[in-house]
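Engineer: I would like the atomic coordinates for the input below:
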Amino acid sequence: MAGYSTKEVADLVDLPRQTIWELARAGVLDPEKTTSLQYRFSFQDIIILRTAKDLIEDGVRKSRIHRALSQLKSQLPTNRPLTSLRISGDGNAVVIREDNRLFNAESGQLHLNFELTENSSVIASLAQQSAKSEKEEQLTSDDWFDLGVDLEAVSPDDAPAAYRRALEIDPTHGDAHVNLGRILQESGNCEEAEGHYRLALQLDQDNLLATFNLGTLLEDLGRIKDAIDAYKDADQFADSHYNLSRLYELVGEHDLALLHLQNYRRLIDPD
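Structural biologist: Predicted coordinates for the structure are as follows:
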């Protein structure tokens, strides 16, 4: 049976299992059940759980979340899922945001002419990707990696957990190291990010994206000589030459700065 177990979803969204079960029993989610009566959750369930978590963090009571989301779900057409709505908390209320206006999810004045969110196509893609063979009970490292890529578009805070799960299954998954490293770098966790970039390079010393990203990290840390060495190893990237031009200019190597600027221009405009 396709989908994710309660434990996998709890780890991914960082919600207690009890809360997930409560939302499932309230009818907010649409999990399937295995022959042993264990829940299996879909991609759309994950997005709804992320919304529920945000509402909880906004101070909305669980009972109101259950009531509002269940009511919304019952009123929406079958071809308009909860994941198509901009749902958030406002005080202790669950509200829908549309065109800078707010609609109380529990009021009788709820209008159902909502536009899809910018991420609706991604959500639809996630739903399609969740259709797996019934023989494939265990998710592979590639499955978790693909989920991480999709979550970066719709729920970026949850993407690192998916990449970490991919690496738990297969520590040699270079792309997961690179993507997790990038997210960690963007969040300021440079030490751990560097570790993942270097692990990716240990697995494949020709991993250009890991090399380039490592260069940007080293530059952020002020390790200019190390950054230059990294960019030189990724010289197939035009941006590497641009960054080398900047750094060589910074350290007073004007001739090298000009050379790499010329290389950059040649790569972006070969004609």
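Engineer: hey, let's count contacts and neighbours off CA atoms from now on
Structural biologist: Fine.
Engineer: how about the helix or strand encompassing Ala10: buried residues?
Structural biologist: Using DSSP states H and E, Ala10 maps to helix 6-13. For helix 6-13, a neighbour-count test (16 or more other C-alpha atoms under 10 Å) marks Thr6, Glu8, Val9, Ala10, Leu12, Val13 as buried.
Engineer: tell me the one among those nearest to Glu22.
Structural biologist: Nearest to Glu22 among these: Thr6, at 11.8 Å, using C-alpha to C-alpha.
Engineer: am I right that that closest one is in contact with Ile20?
Structural biologist: Yes: contact between Thr6 and Ile20 holds when scored by C-alpha atoms under 8 Å: they sit 7.5 Å apart.
Engineer: about what we covered before: counting contacts, what elements does whichever helix or strand comes after the helix holding Ala10 pack onto?
Structural biologist: Moving toward the C-terminus from helix 6-13, the next helix or strand (DSSP H and E) is helix 17-25. Contacts defined by 3 or more C-alpha pairs under 8 Å, 6 or more residues apart in numbering; DSSP states H and E place helix 17-25 against helix 6-13.
Engineer: tell me what the helix it packs on is packed against?
Structural biologist: helix 17-25, helix 43-57, helix 159-169.
Engineer: distance from the chain centre to the helix holding Ala10, please.
Structural biologist: 15 Å (C-alpha atoms, centre = their mean, to the nearest Å).
Engineer: all numbers from here: first residue = 10
Structural biologist: Happy to do that; since the first residue is 10 now, the last one works out to helix 15-22.
Engineer: what does that helix rub up against?
Structural biologist: 25-26, 29, 48-50, 55, 58-59, 62, 167, 170-171 (C-alpha atoms under 8 Å, 6 or more residues apart in numbering).
Engineer: from these, which is closest to Glu201?
Structural biologist: Ala170 (14.4 Å).
Engineer: which stretches of the chain have low pLDDT?
Structural biologist: 10-11, 46, 53, 72-74, 76-147, 280 (pLDDT under 70).
Engineer: can you give me the strands for it?
Structural biologist: 41-42, 48-49, 96-99, 102-107, 110-113 (DSSP state E).
Engineer: tell me how far Ile237 lies from Thr225.
Structural biologist: Plainly put, Ile237 is 10 Å away from Thr225 if you go by C-alpha to C-alpha, to the nearest Å.
Engineer: contacts only, for the nearest residue to Arg255 once chain neighbours are set aside.
Structural biologist: Of all residues not flanking Arg255 in the chain, Ala266 sits nearest, at 6.6 Å (C-alpha to C-alpha, 6 or more residues apart in numbering). If you count contacts by C-alpha under 8 Å, 6+ apart, Ala266 has them with Leu253, Ser254, Arg255, Leu256, Tyr257, Glu258.
Engineer: go ahead and confirm the second one touches Asp264.
Structural biologist: No: under the contact definition of C-alpha under 8 Å, Ser254 does not touch Asp264, with a separation of 9.3 Å.
Engineer: those two: which is more packed in?
Structural biologist: Ser254 (24 against 12; other C-alpha atoms under 10 Å).
Engineer: any idea how far that one lies from Ser164?
Structural biologist: Using C-alpha to C-alpha, one obtains 36 Å as the distance from Ser254 to Ser164.
Engineer: try Ile56
Structural biologist: Noted for Ile56: a distance of 7 Å to Ser164, by C-alpha to C-alpha.
Engineer: more neighbours: which of those two?
Structural biologist: Set Ile56 next to Ser164 and count neighbours by other C-alpha under 10 Å: Ile56 wins out with 20 against 16.
Engineer: state the distance from the more buried one to Asp244.
Structural biologist: From Ile56 to Asp244 the distance is 39 Å (C-alpha to C-alpha).
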